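Novice: Fold the following.
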Amino acid sequence: MKDIIKPIIVLASICLVVTALLAYVNKITAPIITAAEEKAASDARAEVLKEAKSYKKLELKKLPEGVTEVFEGDNNSGYVFMMTQKGYGGDIKLICGIKNDGTLEAVKTLSHSETSGIGSKVVDNNTGLNQKFAGTKAEDQDKVEAISGATISSTAYKKAVASAFEAYKLVKEAK
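Specialist: Here you go, the predicted model:
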């Protein structure tokens, strides 16, 4: 009986110590990680809506599918939309800035897990669909051509941008 109980007690003690250490490390790093994420989000907002100096988060109900957050830029500059869409390899997280006149200023990919080479061409911030969408309005978005070979990723990206334009329309109607 002692041969069975002793290893169980040792193993349980090791698990308890490791769990306590992980909880301690998490307690120390959680605020640092949160601050870094907030800074990255703030920097991304500044990239997609350059005229604004500060942003106010809007609490809206019934946002279009995929739109997770909406921010209003100061100086009557426009709005920033955070979006998530399901791509081929997983979720694609985007941020989109739409000026007050309805012109999309910029779209930026925040994170993705698309296939390297094909699907990643769609979400690449230097050569992807974001370059094609810059300067478009809601009525022009159908003219943006998908990247061949990456139909699912392109469709997800285009759907996210369409959701941003739809959310923009809802925000403007609410004002």
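Novice: now the helices for this structure?
Specialist: All helices of the chain, identified by DSSP state H, fall at 2-48, 119-123, 129-133, 151-174.
Novice: which one of the ones you listed lies closest to Lys86?
Specialist: Set against Lys86 and scored by CB to CB, the helices of the chain come closest in helix 151-174, at 6.2 Å. Placement of C-beta: from N, CA and C, glycine included.
Novice: mean confidence score for that closest one?
Specialist: In this model, helix 151-174 has a mean pLDDT of 85.
Novice: Would you mark the buried spots in it?
Specialist: Of the residues in helix 151-174, those buried under the neighbour-count criterion (16 or more other CB atoms under 10 Å) are 152-154, 156-168, 170-171.
Novice: repeat for stretch 39-50
Specialist: Going by neighbour count (16+ other CB under 10 Å), the buried part of stretch 39-50 is Ala41, Ala44, Arg45, Ala46, Val48, Leu49.
Novice: got it, and stretch 70-84?
Specialist: Residues Val70, Phe71, Glu72, Gly73, Ser77, Gly78, Tyr79, Val80, Phe81, Met82, Met83, Thr84 are the ones in stretch 70-84 that count as buried (16+ other CB under 10 Å).
Novice: Show me what that stretch is in contact with.
Specialist: In this structure, residues lying in contact with stretch 70-84 by CB atoms under 8 Å, 6 or more residues apart in numbering are 41, 45, 48-49, 51-58, 60, 63, 66-69, 91-100, 105, 160, 163-164, 167-168, 171.
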